[in-house]
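Trainee: sharing a model prediction with you, sequence too.
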Amino acid sequence: MLRITLGTAQLGSFYGVANMHGQPSLQTAYEILEAACQEGITSFDTAPAYGSSEEILGSFFGSRRQFSPVFITKLDSVFRQAQDNLHAKEVKERLKKSLLASAARLQIERIPVCLMHDPGYMIAAEGTITEALCELKQDGLVEAIGVSVYSPEEVRTFLELDVFDAIQVPFNLFDQRLDREGLLQDLSQKCSAVFARSIFLQGLFFLNPDALPNSVICAAPYLKSLILLATDLGLTIAELAVSYVRDVQEITSFVIGVETPDQLRQNVKMWSCRNLSPEERRQVNEVFKYIPEQVFNPTYWKEQ
């Protein structure tokens, strides 16, 4: 089974620290989606925040009823102010409006998976946002609900609430926190779907460490270590990044974004690269054990 979810942020917006092509044309976006279908990819990650991503997916699959895509979308940022002063009924109405808008753009009747894009929503407004999303699931507007998180602390909150079906987490060579702290095992026992994103860290792994943008210049020494390690193991950086995450069985699917159809085909082909031995895996863990969060958490990059 091909455990790849196509991330579509690149299709609807300029996305990624290593983006070399900008936002693709509509024709190129369709070609990427066509290539995904040909390669057996059936899962697509999107969000209202990803520009025209939902509309592109809807227009492509709306005229191709032979496919049965699974869309993972996110709640729009419907609570910018005065969250704690909203009544439960108003919270539910705002969420319903967001979900209906996404469903309309995706040209579907109900949403397969909806994640909170802001993990703070889990406990905001005294829990009324979580409660309202659960009610909308019961109403049949969405099949599965969950959260997109950034930190182990947010994963623990997710687990404590114990009301969600799915979660999206960061996991890659530089960000091993969830595996190291045993949280991936906990998640696999608690929810039906664990999606991992950032396996290439938005393309950071492929940048020249001596010519980095100021926002990620702190990553230079770790990228140099990555180049040396991949060479020592006889793998490309991409193969090392894939092999490291692919064999973690607690993860249901890996969200990978691309800029061209060729990139997509290359990523699928790379999925069959060799496994890391237990010793090689221990070596990777040791080399990247102590990396500052500002290196691997993209939410810090804009602030530098």
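Mentor: On my side now, so go ahead. Remember, predicted model here, so these are calculated numbers, not experimental data. Numbers count the residues shown, from 1 in each chain.
Trainee: alpha carbons only for contacts and neighbour counts from here, please
Mentor: Noted.
Trainee: which ones are touching residue 4?
Mentor: 41, 43, 253, 254, 255, 256 (CA atoms under 8 Å, 6 or more residues apart in numbering).
Trainee: narrow the residues you listed to those in strands?
Mentor: If you go by DSSP state E, the contacts of residue 4 have 43, 253, 254, 255, 256 in strands.
Trainee: for the fourth one, list the residues it contacts.
Mentor: Listed by CA under 8 Å, 6+ apart, the contact partners of residue 255 are 4, 5, 6, 7, 45, 195, 196, 197, 198, 199.
Trainee: if we go to 7 Å?
Mentor: Residues near residue 255 by CA atoms under 7 Å, 6 or more residues apart in numbering: 4, 5, 6, 7, 195, 196, 197.
Trainee: ok, the third one next?
Mentor: For residue 254, the set of contacting residues under the criterion of CA under 7 Å, 6+ apart consists of 3, 4, 5, 195, 196, 197.
Trainee: residues near residue 173, how many?
Mentor: By other CA atoms under 10 Å, 23 other residues sit near residue 173.
Trainee: ok, then the element right after the strand or helix carrying residue 221?
Mentor: Here residue 221 sits within helix 220-233, counting by DSSP states H and E. Downstream of helix 220-233, the next assigned helix or strand under DSSP H and E is helix 237-246.
Trainee: relative to helix 220-233, how tilted is that next one?
Mentor: 90 degrees (axes from the mean of the first three to the mean of the last three CA atoms, to 10 degrees).
Trainee: start the count at 54 instead of 1 going forward.
Mentor: Fine by me, first position is 54 from now on; the one you just mentioned is helix 290-299.
Trainee: which strands and helices sit next to helix 290-299?
Mentor: helix 273-286 (3 or more CA pairs under 7 Å, 6 or more residues apart in numbering; DSSP states H and E).
Trainee: CA-only coordinates of the helix it packs on in PDB, if you can.
Mentor: Included here for helix 273-286 are C-alpha records, laid out as PDB according to Å, rounded to 0.1, in the frame of the first residue of the first chain:
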ATOM      1  CA  ALA A 273      23.500  25.500   8.200                       C
ATOM      2  CA  PRO A 274      25.500  23.300  10.500                       C
ATOM      3  CA  TYR A 275      22.800  20.600  10.600                       C
ATOM      4  CA  LEU A 276      22.400  20.600   6.900                       C
ATOM      5  CA  LYS A 277      26.200  20.000   6.600                       C
ATOM      6  CA  SER A 278      25.900  17.100   9.000                       C
ATOM      7  CA  LEU A 279      23.000  15.800   6.900                       C
ATOM      8  CA  ILE A 280      25.100  15.900   3.700                       C
ATOM      9  CA  LEU A 281      28.000  14.000   5.400                       C
ATOM     10  CA  LEU A 282      25.700  11.400   6.900                       C
ATOM     11  CA  ALA A 283      23.800  10.700   3.600                       C
ATOM     12  CA  THR A 284      27.100  10.300   1.800                       C
ATOM     13  CA  ASP A 285      28.500   8.000   4.500                       C
ATOM     14  CA  LEU A 286      25.300   5.800   4.200                       C
END
